[in-house]
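Enquirer: Sequence first, then the predicted structure:
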Number of protein chains: 2
Amino acid sequence: MSEKRPLIQPRTLKGFRDYLPTAAIPREAMMETARRVFRSYGFAPIDTPALEYEEILTGKGGEESDKQMFRFEDSGGRRVAMRFDLTVPLARFVAQHAGELGTPFKRYHIGPVWRGENTQRGRYREFTQCDFDTVGTTSIASDVETALVMHDLLDALEVGEFTIHLNNRKVLSGLLERLDLSERSAEVLRALDKLAKIGPEKVAAEMRETAGASDDQCARVLEFAGLEGDTDAVLRALAPLVAGSEVGERGVQELRELFAGVAAAGVSGSRVRLDVAIARGLDYYTGTVYETFLAELPEIGSVGSGGRYDELASLYTKQDLPGVGASLGLDRLFSALEHLGKLETRATTADVFLPFFSQDRRDDYLRLAALLRREGVSVEFYPEPRKLGAQLKYADKRGHRVALVIGDDEWEAGTAQAKVLATKDSHDVALEPTADLARRLRELSA
Amino acid sequence: MSEKRPLIQPRTLKGFRDYLPTAAIPREAMMETARRVFRSYGFAPIDTPALEYEEILTGKGGEESDKQMFRFEDSGGRRVAMRFDLTVPLARFVAQHAGELGTPFKRYHIGPVWRGENTQRGRYREFTQCDFDTVGTTSIASDVETALVMHDLLDALEVGEFTIHLNNRKVLSGLLERLDLSERSAEVLRALDKLAKIGPEKVAAEMRETAGASDDQCARVLEFAGLEGDTDAVLRALAPLVAGSEVGERGVQELRELFAGVAAAGVSGSRVRLDVAIARGLDYYTGTVYETFLAELPEIGSVGSGGRYDELASLYTKQDLPGVGASLGLDRLFSALEHLGKLETRATTADVFLPFFSQDRRDDYLRLAALLRREGVSVEFYPEPRKLGAQLKYADKRGHRVALVIGDDEWEAGTAQAKVLATKDSHDVALEPTADLARRLRELSA
């Protein structure tokens, strides 16, 4: 801390960012909303370390994740890595604590993860994941609940209209089984995944080339992928395409039960859609899959995705741990809300601003602020006696709702001016009783 | 993901730990309480990256911190390090964003930090810090507020009785100035710090040896350190000891104003104490200092500490950024509450448990659960139709309050059995209207 040391340039690492209050306040509010929804279903929080043994994390997320991992040798000579998602730590966690946790185990986990992403593509190297999973059951009731949680989350976050796209991986398997394409399913699905981008003809060409599909096989796959419309109609059209394939028929049945359950729970039919074209996480998901799109911003992609899997933790335990879960794209939703002008950006958490105006009354201000807080009003007291104009400018910039202005005369009279900062309206208010003052300030802050 | 790969042992790194729901639930509740208190004063959240340029973090926390830092070279060849506290990142943050933030800037920050601590001493290498600071003002009002926030935090966390110990570094400086010991203050204070452990005689011996203090100087220092009792009495006794030293007199005056402000805000005199023996963070703090002890567990040390500093960010900017802040010992408080049996340890976040009892009624259960959630009741629906006994055992273990048991007959009749799990009492309840059922379940869960 020598005075002569040259200044160090204050800066963050590439791909990392600070959250200033205007961003951190709504972000905290989003996480609180997510926790409230998770809890309403009995999902419980867990937390796991930022650092894990490298061997725990490698090989699970695929080559891409391995390459992007922040890893190093710690001072004890251990190979360690920073978690790149919350799913691998969950797998390690349930394998390690299975006995104590019991099943079904319903957990949520909100926390930062780290990836050495290419920052050229606007990606961040530290971001927050918001996951929930039900582990240890194959019941369709949990698939229904996963859709309901996603629905309630987006509803509570007030993102505008949205649609949850649902599919079942088994239906795809059934179709490919019926078409004798099971062996080349990876190639078929890789081609099919490009449908929206390159169109049916190029998809067919690719399927012919990479999967050796016949014209008829291509036509049947494209017919399937083109199914659209009312859920019941699509389900009716699907049934013959997979008839005779046990897994395919099971997939259709599961979709029927899924949509029935979601409807029973009161979700509007306009907010869920059977979308046979989604096939995400092919190596991983084995049943229901979920993607969620905002009506006003479909181009940002899915803001909540997930699916059902057979074996969560097979790298770490022989115990069968099937489950279903999804992840809310918190950062993406945050950007979306910002873009849509639906984020309120304030730099303060206090509704009421109390200017320090009357020099000798410091303790009186402190007392009043304390009394108001006890009545549930959030109050920021400006710490220095400055000109009122400068203090009100500060309050305006911060985003307080109401300034409670009390000068010498007001202290004498037991009154104050409550200024609504957005409208500049002033209201005379009595300082006592505090409960009444608090109520009035709450009204004016609303 | 080859089947032949041997299982990887699921384990956490030494010094790191998982939080299972029984711990994660009350920990989340503590953080929510902290956020609520911070916000009631207008402190706003910020967040900073886990990783920083190594040069930002080194040299600031002292040699001990440097040694304990997790640091490495990232794949882009940058020297990076994981943050070991939230104060150095705050300093970097305010230097970097000073223009946008404005002053006074009141922030809180709750987040994990990492230190390669010696795990032999029961230390963790990842733990959560919970800091709040007011930057950019020298007003004593902010010192008062810091004490008030600490008070409200501990009060809201229901930790039992506690005492906030207050002192002012300037008083110590004044005393040493008066005794012509300013030049040797580090040695004097290092000796004095051991008073409780080794007693006055050994402290005097050390002061004579390391600071070259005379018998009279030793006696005066020990007289000072021995001042105890009623705040006003101690303040009266302090005044003559520092009289003539400008900084010492200012320190006494600041203490007077601090205690007056805290009392004005309604804090009971039994919860604050002038403790001239505390002198923490000597290299750093320049005014008021804070330590907080639990009446039932004084031996765990301070659970909330902080102080006033002159220059927060002098490594990164020439701008003067004085401030005052403190840190809540969240992990320590968590252990304390656990130790005192004041933590409620449940493994679920849902009050109501809904057993899946009547095979063909899955969608009816899903509908009812959704309706109850809309009324604000948290409901966990068991996903599989199993024997009621097994399901109730699950609910007992998880810690649900009430099981809402609905079998075929109950569905027919539109009634249910609401079983209070703690007492085994059963109550007949009507399923409709849902608002009434919700109210009844809330009563039974209370």
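Expert: Yes, it's here. Here the structure is a predicted model, which is why all the values come from computation and not from measurement. Numbers count the residues shown, from 1 in each chain, chains lettered A, B, ... in the order given.
Enquirer: On the three-state scheme, the spatially closest residue to A:Tyr290 that is not a sequence neighbour is what?
Expert: Nearest non-adjacent residue to A:Tyr290, counting by C-beta to C-beta, 6 or more residues apart in numbering or on different chains: A:Gly306, 4.8 Å away. C-betas here are computed from N, CA, C, even on glycine. What DSSP: H, G, I helix; E, B strand; the rest coil gives for A:Gly306 is strand.
Enquirer: Which is the succeeding secondary structure element to the helix or strand harbouring A:Gly174?
Expert: Using DSSP states H and E, A:Gly174 maps to helix A:169-178. Following helix A:169-178 in sequence order, the next helix or strand is helix A:185-192 (DSSP H and E).
Enquirer: Would you mind extracting the C-alpha trace of that following helix into PDB?
Expert: Listed next in PDB are the C-alpha coordinates belonging to helix A:185-192 (Å, rounded to 0.1, in the frame of the first residue of the first chain):
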ATOM      1  CA  SER A 185     -30.800 -41.600 -36.100                       C
ATOM      2  CA  ALA A 186     -28.000 -39.200 -35.200                       C
ATOM      3  CA  GLU A 187     -27.500 -38.400 -38.900                       C
ATOM      4  CA  VAL A 188     -31.200 -38.000 -39.600                       C
ATOM      5  CA  LEU A 189     -31.800 -35.800 -36.600                       C
ATOM      6  CA  ARG A 190     -28.800 -33.700 -37.300                       C
ATOM      7  CA  ALA A 191     -30.200 -33.000 -40.800                       C
ATOM      8  CA  LEU A 192     -33.700 -32.500 -39.400                       C
END
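Enquirer: tell me the mean pLDDT for it?
Expert: Regarding helix A:185-192, the rounded mean pLDDT is 86.
Enquirer: Can you name every helix or strand that that helix contacts?
Expert: In terms of contacts (3 or more C-beta pairs under 8 Å, 6 or more residues apart in numbering or on different chains; DSSP states H and E), helix A:185-192 is packed against helix A:169-178, helix A:195-211, helix A:215-225.
Enquirer: residue in the stretch 301-446 of chain A nearest to chain B?
Expert: When scored by C-beta to the nearest C-beta, the stretch 301-446 of chain A has A:Glu380 as its residue closest to chain B, at 2.8 Å.
Enquirer: Which positions are bridged to that residue in the beta structure?
Expert: On the basis of DSSP bridges, A:Glu380 is bridged to A:Phe353.
Enquirer: Just to check, it is in contact with B:Lys106?
Expert: Yes: in this structure, A:Glu380 is within contact of B:Lys106 by C-beta atoms under 8 Å, at 7.3 Å.
Enquirer: Give the residues shared as contacts by these two.
Expert: Shared contacts of A:Glu380 and B:Lys106 (C-beta atoms under 8 Å, 6 or more residues apart in numbering or on different chains): B:41-42.
Enquirer: can you map out the helices along the stretch 1-150 of chain A?
Expert: In the stretch 1-150 of chain A, the helices defined using DSSP state H, counting those that start in this stretch lie at A:21-40, A:54-57, A:63-68, A:87-101, A:140-156.
Enquirer: Find the one among these with the highest mean neighbour count.
Expert: Highest mean neighbour count among the helices of the stretch 1-150 of chain A (mean count of other C-beta atoms under 10 Å in any protein chain shown): helix A:140-156, with a mean of 24.
Enquirer: how many degrees apart are that one and helix A:21-40 in direction?
Expert: Counting by axes from the mean of the first three to the mean of the last three C-alpha atoms, to 10 degrees, helix A:140-156 lies at 150 degrees to helix A:21-40.
Enquirer: what's in contact with stretch A:437-446?
Expert: With contact meaning C-beta under 8 Å, 6+ apart, stretch A:437-446 is reached by A:351-352, A:372, A:375-377, A:401-402, A:404, A:418, A:420, A:427, A:429-431.
Enquirer: A:Ile56 touches A:Val88, doesn't it?
Expert: Yes: here A:Ile56 reaches A:Val88: they are 7.1 Å apart, a contact under C-beta under 8 Å.
Enquirer: just to revisit the earlier point, so which of the helices and strands packed on helix A:185-192 is nearest chain B?
Expert: Nearest of the helices and strands packed on helix A:185-192 to chain B, taken as C-beta to the nearest C-beta: helix A:169-178 at 16.4 Å.
Enquirer: what packs against the closest one?
Expert: helix A:185-192, helix A:215-225, helix A:231-242, helix A:246-264, strand A:285-294.
Enquirer: any chance of those in JSON lines, with mean neighbour count and distance to B:Arg236 too?
Expert: Output for the helices and strands packed on helix A:169-178, formatted as JSON lines (neighbours: other C-beta atoms under 10 Å in any protein chain shown; distance: least, C-beta to C-beta, whole Å):
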{"stretch": "helix A:185-192", "mean neighbour count": "19", "distance to B:Arg236": "83"}
{"stretch": "helix A:215-225", "mean neighbour count": "17", "distance to B:Arg236": "87"}
{"stretch": "helix A:231-242", "mean neighbour count": "16", "distance to B:Arg236": "82"}
{"stretch": "helix A:246-264", "mean neighbour count": "20", "distance to B:Arg236": "73"}
{"stretch": "strand A:285-294", "mean neighbour count": "24", "distance to B:Arg236": "67"}
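Enquirer: Comparing these by mean pLDDT, which bottoms out?
Expert: Between the helices and strands packed on helix A:169-178, the one with the least mean pLDDT is helix A:185-192; it has a mean of 86.
Enquirer: quick one: low-confidence parts of the stretch 101-250 of chain A?
Expert: Residues of the stretch 101-250 of chain A meeting the criterion pLDDT under 70: A:121.
Enquirer: what does it have sitting close to chain B?
Expert: Neighbours of chain B within the stretch 101-250 of chain A, by C-beta under 8 Å from any C-beta of the partner chain: A:101-102, A:104, A:106-107, A:112, A:114, A:116, A:126, A:134, A:137, A:139-142, A:144-145, A:148, A:152.
Enquirer: Apply 10 Å and report the result again.
Expert: A:101-112, A:114, A:116, A:119, A:124-126, A:128, A:134, A:136-145, A:148, A:151-152 (C-beta under 10 Å from any C-beta of the partner chain).
Enquirer: Flag the shaky bits of the stretch 251-400 of chain A, pLDDT-wise.
Expert: For the stretch 251-400 of chain A, the stretches flagged by pLDDT under 70 are A:279-283.
Enquirer: Mind telling me which residue of the stretch 101-250 of chain A is nearest chain B?
Expert: Nearest to chain B, among the residues of the stretch 101-250 of chain A, is A:Ser139, at 3.7 Å (C-beta to the nearest C-beta).
Enquirer: So that residue is in contact with B:Leu366, correct?
Expert: No: using C-beta atoms under 10 Å, A:Ser139 is not in contact with B:Leu366; the gap is 11.3 Å.
Enquirer: I'd like to check the angle between the strand or helix carrying A:Gly389 and helix A:21-40, please.
Expert: Using DSSP H and E, A:Gly389 sits within helix A:388-398. Taking the same axes, to 10 degrees, helix A:388-398 and helix A:21-40 form an angle of 50 degrees between their directions.
Enquirer: quick one: is the helix or strand following helix A:388-398 near chain B?
Expert: Heading C-terminal from helix A:388-398, the first helix or strand you meet, by DSSP H and E, is strand A:402-405. No: legend: contact between strand A:402-405 and chain B by C-beta under 10 Å from any C-beta is lacking; minimum distance shown is 12.3 Å.
Enquirer: Report the backbone C-alpha coordinates of the helix or strand just after strand A:402-405 in CSV.
Expert: Using DSSP H and E, the helix or strand that directly follows strand A:402-405 along the chain is helix A:408-413. Output in CSV follows, covering the C-alpha atoms of helix A:408-413 (Å, rounded to 0.1, in the frame of the first residue of the first chain):
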residue,chain,number,x,y,z
ASP,A,408,-36.6,23.7,10.7
ASP,A,409,-40.1,25.0,10.4
GLU,A,410,-41.5,21.6,9.7
TRP,A,411,-39.8,20.1,12.7
GLU,A,412,-41.3,22.8,14.8
ALA,A,413,-44.8,22.3,13.3
